[in-house]
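Participant: predicted coordinates and the sequence they were generated for:
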Amino acid sequence: MTTSSAPWQNWAGNVLASPSGRARPTTVAEVTAVVTEAADRGSRVKCVGAGHSFTPAAATDGVLVSLDDLTGIESIVPTLDADGRVDGADVTVWAGTRLHRLGPLLWDLGLAQPNLGDFAEQSLAGAVSTGTHGTGCSAPGLPATVVGLQLVTADGTALTCSRTSHQDVFEAARLGIGALGIITKMTIHCVPAFALRAEERPWTLSAALEDLEGFARSADHAEFFWFPHTDAVNVKRNTRLPGDTALRPVGRIRELVSDELLSNEVFGALCRAAARRPSLTPRLNRVASGALSARTFTDRSYRVFASPRRVRFREMEYAVPVDAASAVLRDLREAIDRSGIVTPFPVEVRFAAADDVWLSTAYRREVCYIAVHQFHLMDHTELFRLAEEIFLAAGGRPHWGKMHTRTAADLSHMIEHFGDFVSVRDRLDPDRVFGNTYTERVLP
Ligand SMILES: Cc1cc2nc3c(=O)[nH]c(=O)nc-3n(C[C@H](O)[C@H](O)[C@H](O)COP(=O)(O)OP(=O)(O)OC[C@H]3O[C@@H](n4cnc5c(N)ncnc54)[C@H](O)[C@@H]3O)c2cc1C
């Protein structure tokens, strides 16, 4: 372990912390040693992934542990369907592995993660620990694909858990917001490698809201970005195809223009202009939405799911019941227009299947995720306050890695297994070795 007074901040720059020390273990034994030594000294410990949460989930005043040296695939066990045919594999992956590195590793093995978010810098354990999701009415979030994990607990035990071993720890730790210990490896169910045919095109919010559920089911993975202060949306529909489909990826030049220039460089310039002259934002949003033209391409799944995001922003995202989502979006549009608040960032609308993960935002209900963003140089407070009010009125639940104001008292009424989670935590970490300011707010 190194003692370092260097401050830490998350990707968005809205969370700052001063860890008392840092550790970069390379084995499970070293993780155990870091935890027990810190616990003996009365110091707290927190594992950080890529630091991409907008909440202070990974912040600590104690020892900040990075698993950047605990990466890669450990083992693969083929799995069979009910008819005895191989339907994928359970793959054990070291917890610090970044998702953008895992995609190519799995592809070379003929495998893929069934679903991903729209970005892949995160570590596997970090993404799973906050309930990271993608889009698709038949596609649950990442925690639902976890079938086992190894957790180093506060007393230094390396506990292996699954549905058949330490089941309650498994149910809690597969979305544990870093509060139960350090996950050193995870076994995730992977499917045979598949391609995605992506169709992107401009549309209108008014048309999308006429039949939002129909839109949600119009492709395996459907989503759209709505540009506030306009009726413009950019729709993305991804259709799953077999892994040996002939690929027609975006050409290098088109990729440079569309993903790098329009989605990052030009978009960043528009955001800076909006920060300087907020009254220009509606006009800038019309320019930004108009610049994104229709395109169709087919590529490996992990390349289609995720794109680079270089313009820094703040984000709040809630999962609302699918049948409430149209009304929520209408209310949000009205509230933004009425308030005079401006944002150059699109509102992102995605969907997920119900799952059975205790702390999941999609626990036992199909959901629509609605995310509001603000450019990092503009004030997000009022926009997020009014959006949160609307999300909560619709029975929404906050994403654990994105900004929200809920406390343990609120969450205990929203989450069926909140008490079960707390019991597991009380048993595994009575002294709150893995506590931080975030867990102090969202857990008792
Ligand atoms: C640009 C951008 C795009 C995003 N896109 C999406 C998206 O498409 N969908 C979505 O749902 N979310 C998205 N997010 C949110 C992001 O996926 C989550 O916040 C995720 O947790 C970040 O992963 P991370 O590795 O950076 O974790 P961190 O932020 O570093 O940590 C998150 C939590 O995980 C814990 N943790 C990390 N590693 C371990 C471990 N080994 N053991 C135990 N606990 C651990 C930490 O202690 C912390 O509590 C996005 C965020 C950004 C900034």
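Facilitator: Alright, I've got the coordinates.
Participant: how about the secondary structure of the closest residue to the ligand within the stretch 201-350 of the chain?
Facilitator: Closest residue of the stretch 201-350 of the chain to the ligand, C-beta to the nearest ligand atom: residue 309 (3.9 Å). Glycine gets a C-beta too; all of them are placed from N, C-alpha and C. Recorded secondary structure, residue 309: coil (DSSP: H, G, I helix; E, B strand; the rest coil).
Participant: pLDDT score for it?
Facilitator: For residue 309, the pLDDT comes out at 89.
Participant: which helix or which strand is home to the closest residue to it other than its chain neighbours?
Facilitator: Sequence neighbours aside, residue 119 is the residue nearest to residue 309 in space, at 5.4 Å (criterion: C-beta to C-beta, 6 or more residues apart in numbering). Residue 119 belongs to no helix or strand when assigned by DSSP states H and E.
Participant: quick one on the thing from earlier: the residue of the stretch 201-350 of the chain closest to the ligand contacts residue 264, doesn't it?
Facilitator: Yes: with contact defined as C-beta atoms under 8 Å, residue 309 counts as touching residue 264 (7.5 Å).
Participant: which residue is nearest the middle of the protein?
Facilitator: The residue lying closest to the centre of the chain (C-alpha atoms, centre = their mean) is residue 132, at 2.8 Å.
Participant: wait, that residue touches residue 140, no?
Facilitator: No: at 11.3 Å, residue 132 does not count as touching residue 140 under the criterion of C-beta under 8 Å.
Participant: which residues sit in contact with the residue of the stretch 201-350 of the chain closest to the ligand?
Facilitator: Residue 309 sits next to 118, 119, 263, 264 when contact means C-beta atoms under 8 Å, 6 or more residues apart in numbering.
Participant: report pLDDT for the second one.
Facilitator: With respect to pLDDT, residue 119 has a value of 94.
Participant: continuing past the one helix or strand in the chain whose mean pLDDT sits lowest, what's the next helix or strand?
Facilitator: Using mean pLDDT, DSSP states H and E, the weakest-scoring helix or strand in the chain turns out to be helix 252-255, at a mean of 70. Counting by DSSP H and E, the element after helix 252-255 in chain order, helix or strand, is helix 267-276.
Participant: and that following helix, how far out from the chain's middle?
Facilitator: Distance of helix 267-276 from its chain centroid, counting by C-alpha atoms, centre = their mean, to the nearest Å, is 25 Å.
Participant: other SSEs contacting it?
Facilitator: With contacts taken as 3 or more C-beta pairs under 8 Å, 6 or more residues apart in numbering; DSSP states H and E, helix 267-276 sits against helix 281-291, strand 367-375.
Participant: domain map for the chain?
Facilitator: In terms of domains, the chain is parsed into 73-193, 194-398 (source: automatic domain parsing).
Participant: what does the stretch 151-300 of the chain have sitting close to the ligand?
Facilitator: 177, 178, 182, 183 (C-beta under 6 Å from any ligand atom).
Participant: which of those residues sit farthest apart?
Facilitator: The largest separation in those, counting by C-beta to C-beta, is between 177 and 182 at 12.8 Å.
Participant: is residue 96 in contact with residue 70, as I believe?
Facilitator: Yes: applying C-beta under 8 Å as the test, residue 96 and residue 70 come out as touching, 4.5 Å apart.
Participant: the more surrounded of the two?
Facilitator: residue 96 (27 against 24; other C-beta atoms under 10 Å).
Participant: contact partners for the more buried one?
Facilitator: Residues in contact with residue 96 (C-beta under 8 Å, 6+ apart) are 49, 66, 67, 68, 69, 70, 71, 123, 124, 125.
Participant: run a quick neighbour tally on the third one.
Facilitator: The reference is to residue 67. 26.
Participant: show me what contacts it?
Facilitator: Counting by C-beta under 8 Å, 6+ apart, residue 67 has contacts 25, 31, 47, 49, 94, 95, 96, 123, 125, 182, 184.
Participant: please redo it, this time with the cut-off set to 6 Å
Facilitator: Contact analysis of residue 67 by C-beta atoms under 6 Å, 6 or more residues apart in numbering lists 95, 96.
Participant: make a PyMOL selection of the buried ones in the contacts of residue 96.
Facilitator: Selecting the buried subset of the contacts of residue 96 in PyMOL, with 16 or more other C-beta atoms under 10 Å as the burial test, is done by:
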select buried, resi 49+66+67+68+70+71+123+124+125
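Participant: go back to the contacts of residue 96 and keep what's next to the ligand.
Facilitator: Counting by C-beta under 6 Å from any ligand atom, the members of the contacts of residue 96 near the ligand are 49, 67, 123, 125.
Participant: so which bits of the stretch 1-150 of the chain are right by the ligand?
Facilitator: Residues of the stretch 1-150 of the chain lying near the ligand (C-beta under 6 Å from any ligand atom): 11, 46-53, 57-58, 67, 95, 117-119, 122-123, 125-127, 129-130, 132-133.
Participant: rerun at 8 Å
Facilitator: Taking C-beta under 8 Å from any ligand atom as the contact definition, the stretch 1-150 of the chain meets the ligand at 10-12, 46-55, 57-58, 65, 67, 95-96, 98, 116-119, 121-134, 141-142.
Participant: next one: the stretch 301-444 of the chain
Facilitator: So the stretch 301-444 of the chain meets the ligand at 306, 309, 313, 315, 317, 350, 369, 399-402, 434, 436, 438 (C-beta under 8 Å from any ligand atom).
Participant: which ones among those are found in helices?
Facilitator: Taking DSSP state H as the definition of helices, those contribute residue 438.
Participant: show the buried residues in the residues of the stretch 301-444 of the chain next to the ligand.
Facilitator: Buried among these (16+ other C-beta under 10 Å): 306, 309, 313, 315, 317, 350, 369, 399-402, 434, 436, 438.
Participant: can you map out the helices along the stretch 151-300 of the chain?
Facilitator: Listed in chain order, the helices found in the stretch 151-300 of the chain under DSSP state H, counting those that start in this stretch are 167-173, 205-210, 212-216, 252-255, 267-276, 281-291.
Participant: and the ones you listed, which is most packed in?
Facilitator: helix 167-173 (a mean of 21; mean count of other C-beta atoms under 10 Å).
Participant: with just CA atoms, put that helix into CSV.
Facilitator: Provided in CSV are the C-alpha atoms of helix 167-173 (Å, rounded to 0.1, in the frame of the first residue of the first chain):
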residue,chain,number,x,y,z
GLN,A,167,-27.1,-17.4,-1.5
ASP,A,168,-28.0,-14.3,0.4
VAL,A,169,-24.5,-12.9,0.0
PHE,A,170,-24.8,-13.6,-3.7
GLU,A,171,-28.2,-11.9,-4.0
ALA,A,172,-26.8,-8.8,-2.2
ALA,A,173,-23.4,-8.6,-3.7
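Participant: and it, what does it pack against?
Facilitator: strand 158-162, helix 418-428 (3 or more C-beta pairs under 6 Å, 6 or more residues apart in numbering; DSSP states H and E).
Participant: and the last one, what other elements does it pack with?
Facilitator: Here helix 418-428 touches helix 167-173, going by 3+ C-beta pairs under 6 Å, 6+ apart.
Participant: noted, bye for now.
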